[in-house]
Structure formats: structure tokens, C-alpha cells
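A.B. asks: Dropping the sequence and predicted coords here.
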Amino acid sequence: MDREAKNEKEENDREREKGVAAMVACYQGFDPAAYLQYNYMPPRADFDRQDSIVPWKLGCLHRAFTEGDMGGDVLVDVGSGPTLYQVLSGCEVFDTVFLTDFLEVNRQELRRWLQGEGYSSLDWTPYLQHVCKLEGRRPSAWTEKAARLRSVVSDILPIDVHLPRPLHPDSQLPTAGADCLVSCFCLESVSPDLASFTRALGHIRGLLRPGGHLLLIGALGESYYMGGPGVRIPVVPLDEAQVCASVRASGYTLVRLEVYTLPQGMMVGVDDVTGVFFVKARKP
Ligand SMILES: C[S@@+](CC[C@H](N)C(=O)[O-])C[C@H]1O[C@@H](n2cnc3c(N)ncnc32)[C@H](O)[C@@H]1O
Ligand SMILES: O=S(=O)(c1ccc2c(c1)CN[C@@H](CF)C2)N1CCSCC1
């Protein structure tokens, strides 16, 4: 690499590090309880409307986990935040589940749920009941599903998707890697730009064994969201083509993309999301 190219690379690296550091600063005000209220409680989280996003998301995850092409023991949720919906189907398929997040306040929120009912900021019962219905079980089986999830969560780990090795080496992940990764509304919400989003996809790919699957849910057209009162967090605005290109550029085989366009009533000022994507991909 000649001197000029080396200088340009060093400048790009410095700019990238500044962008990532700015994102870290934004997240210092993240409020798990507020975030849950903004996104996972009525009116935004509505199970009764046929066109609601929540049944759509849970349906995508249910189909992806149960359509017969997944196997193994270990599921890792990347950037769990304070939410659990993303592993309610996967916990029936995998015997070892790792939840992860960058912030201790979110890891604490997840630990509180693991302690038992009534300790966490959100009552996940409607989500558990809905996934039970998707599985052909009676809604009252939600207690069994909650017990199953509590039994398979092996640890709640710190993670940083901007590191080439996002998890600490002592994280007890199998040497070969996880059998499946799920990640929802994380990578685009923690990356300063599209290149960083794509790089983060590559970093988490290293957590996955060859042949393993990635299930990615994320925001389309979103440029910010409120992570708490007065906590405005920038988001990389993505379109479908960029999502597909980044998934492929970071070394995955794209299995399918599904897209949900938000009805007008869902725009409630806590973000400017216009749609949601669901990706199922595979590490060759
Ligand atoms: C929009 S929230 C998504 C939470 C949850 N997965 C959901 O579906 O709602 C983004 C999450 O990314 C986490 N995060 C922030 N910086 C991160 C980083 N560098 N690496 C991994 N996760 C990060 C935040 O703490 C937050 O929990
Ligand atoms: O499930 S959602 O699609 C959802 C859920 C979570 C988030 C967003 C959207 C958009 N902003 C993200 C910031 F990263 C977080 N949903 C949006 C419509 S109403 C119910 C919640």
C-alpha cells in the first residue's frame, strides 16, 4: 500500500472510530423502560389489528425457526436490548440461548425477567400467548413457554458489534460458532453509516458456524429513534436494496427478504421508521 493510500486508510479509520464513539455517547441515556413503552406497549404494539407489525414480526420469526432447515444447539441474540420477543420461537428449537447487549441496563432488565414474573418493566404475556397460538398450542401454555425460555437462557453477555470479535473470548460460545443468530433493530441503530452497518454484519458472521443461519429484523427508512425521554439516537436509513447488498457483501447467502410497510397510524413520533425488513440468511 503506497503512502497516500495508507494515509487515506488511516484517515478513514479515524473517522470511523469517531462515528462509533459518538454512537456510544448517544446510548448512555438509553432508558429500557421508556424504550419498551414506546415500541412494545399499546397503541404501537397491537395484537388485534390484522395489519399490526407485532403479529407480522412474530410470524416471520416463527416460520423461520420452524420450517425445518435449522439444527443445532446454540442460538445467539445480538443486541437483545430489554426485549424477549425475538427468541420466543427459537427457544423451542435450540437448547442453549445467549442473550446479549452493549448496555448493562439492558442486561439487568433481561435478568429481572429471568427471575420470574412481575420483575421486568414489560409484561410479555401477550407475546408469549401469541407465539403459543402460532405453534398450535392453547394460549394458556404461555407459562410453559416462559419456563422453557428461562431454562434455555445460558447467559446474558456484553457485546459490541463494532469489534471484529463482538463477544469476549470467555463467552463460552462453542469453538465452531453458534448454530443461529437473531438480531432485531440493532445493527442499523448502532452504526454511524452504511459501511459500518455492513462491517458489523461481517463481525457477527464470525460468531456463526458454517451452514448456520442469521435472522435479521430491522428498520427501513429510519433516521432516528427515541431511546428515552430526550434521547434521540441516529439510525442508518436503509432501503431493501441496501439491506440485501450488505447481507451479501458481508458473506452471507440471502435466503429470503420480507418487508412490512407501516400503516399511517403507527407513526407516533418516537421514530421515523417507514417499514420493517425481515431477512433469513445463511453462512456458507
Ligand atoms: C433499538 S435497540 C434494539 C433492541 C431489541 N433487539 C429490539 O428488537 O427492540 C438497539 C440495541 O443495540 C444495543 N447496542 C448499542 N450499541 C451496540 C453495539 N456497539 N453492539 C451491540 N449492541 C449495541 C443497545 O444497547 C440497544 O439495546
Ligand atoms: O415492532 S416495530 O416495528 C419496532 C420495534 C422496535 C423499533 C422500531 C420498530 C423502530 N425503531 C427501532 C429503533 F432501533 C426500534 N414497531 C413499530 C410499529 S408499532 C410496534 C413497534
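C.D. replies: Done, it's in. Ligands and ions are numbered 1, 2, ... in the order given.

A.B. asks: in the helix or strand containing residue 218, what counts as buried?
C.D. replies: Secondary structure from DSSP states H and E places residue 218 in strand 208-220. When burial is assessed from 16 or more other C-beta atoms under 10 Å, strand 208-220 yields the following buried residues: 208, 209, 212, 213, 214, 215, 216, 217, 218, 219, 220. Quick note: C-beta positions are derived from backbone N, CA and C, even for glycine.

A.B. asks: what helices or strands is that strand leaning on?
C.D. replies: Helices and strands touching strand 208-220, by 3 or more C-beta pairs under 8 Å, 6 or more residues apart in numbering; DSSP states H and E, are helix 53-66, strand 178-184, helix 187-190, helix 240-249, strand 275-282.

A.B. asks: I'd like these as TSV, with mean neighbour count appended.
C.D. replies: As requested, these are arranged in TSV below (neighbours: other C-beta atoms under 10 Å):
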stretch	mean neighbour count
helix 53-66	20
strand 178-184	24
helix 187-190	24
helix 240-249	16
strand 275-282	22
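
A.B. asks: Make a markdown table out of these and add distance to residue 8.
C.D. replies: Formatted as a markdown table, the entries for the helices and strands packed on strand 208-220 read as follows, by distance: least, C-beta to C-beta, whole Å:
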| stretch | distance to residue 8 |
| --- | --- |
| helix 53-66 | 41 |
| strand 178-184 | 31 |
| helix 187-190 | 25 |
| helix 240-249 | 20 |
| strand 275-282 | 31 |
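
A.B. asks: Need the ones you listed in JSON lines (columns: mean pLDDT and distance to ligand 1).
C.D. replies: Compiled in JSON lines, the helices and strands packed on strand 208-220 are given as follows (pLDDT from 0 to 100; distance: least, C-beta to the nearest ligand atom, whole Å):
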{"stretch": "helix 53-66", "mean pLDDT": "96", "distance to ligand 1": "9"}
{"stretch": "strand 178-184", "mean pLDDT": "98", "distance to ligand 1": "3"}
{"stretch": "helix 187-190", "mean pLDDT": "98", "distance to ligand 1": "4"}
{"stretch": "helix 240-249", "mean pLDDT": "98", "distance to ligand 1": "16"}
{"stretch": "strand 275-282", "mean pLDDT": "98", "distance to ligand 1": "10"}
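
A.B. asks: Could I get the ones you listed in CSV, plus columns for distance to ligand 2?
C.D. replies: CSV is the format used below for the helices and strands packed on strand 208-220 (distance: least, C-beta to the nearest ligand atom, whole Å):
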stretch, distance to ligand 2
helix 53-66, 4
strand 178-184, 7
helix 187-190, 4
helix 240-249, 14
strand 275-282, 5
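
A.B. asks: hmm, back to that, hmm, the strand holding residue 218 in reach of ligand 1?
C.D. replies: No - counting by C-beta under 6 Å from any ligand atom, ligand 1 has no neighbours in strand 208-220; the shortest distance is 6.8 Å.

A.B. asks: for this protein, longest helix please?
C.D. replies: The helix spanning the most residues in the chain, taking DSSP state H as the definition, is helix 3-26.

A.B. asks: ok but residue 99 is inside a strand, no?
C.D. replies: Yes - the assignment for residue 99, made by DSSP: H, G, I helix; E, B strand; the rest coil, places it in a strand.

A.B. asks: What's the local residue count around it?
C.D. replies: By other C-beta atoms under 10 Å, 28 other residues sit near residue 99.

A.B. asks: tell me the contacts of residue 40?
C.D. replies: Taking C-beta atoms under 8 Å, 6 or more residues apart in numbering as the contact definition, residue 40 lies against 54, 83, 85, 122.

A.B. asks: what bridges to the residue most central in space within the chain?
C.D. replies: When the chain is reduced to its mean C-alpha position, the closest residue under C-alpha atoms, centre = their mean turns out to be residue 184, at 2.2 Å. With DSSP bridges as the criterion, residue 184 is bridged to residue 217.

A.B. asks: circling back: could you give the separation of the helix or strand just after the strand holding residue 218 from the chain centroid?
C.D. replies: The first helix or strand that comes after strand 208-220 along the chain, using DSSP H and E, is strand 224-228. With C-alpha atoms, centre = their mean, to the nearest Å as the basis, the distance from the averaged C-alpha position of strand 224-228 to the chain average is 16 Å.
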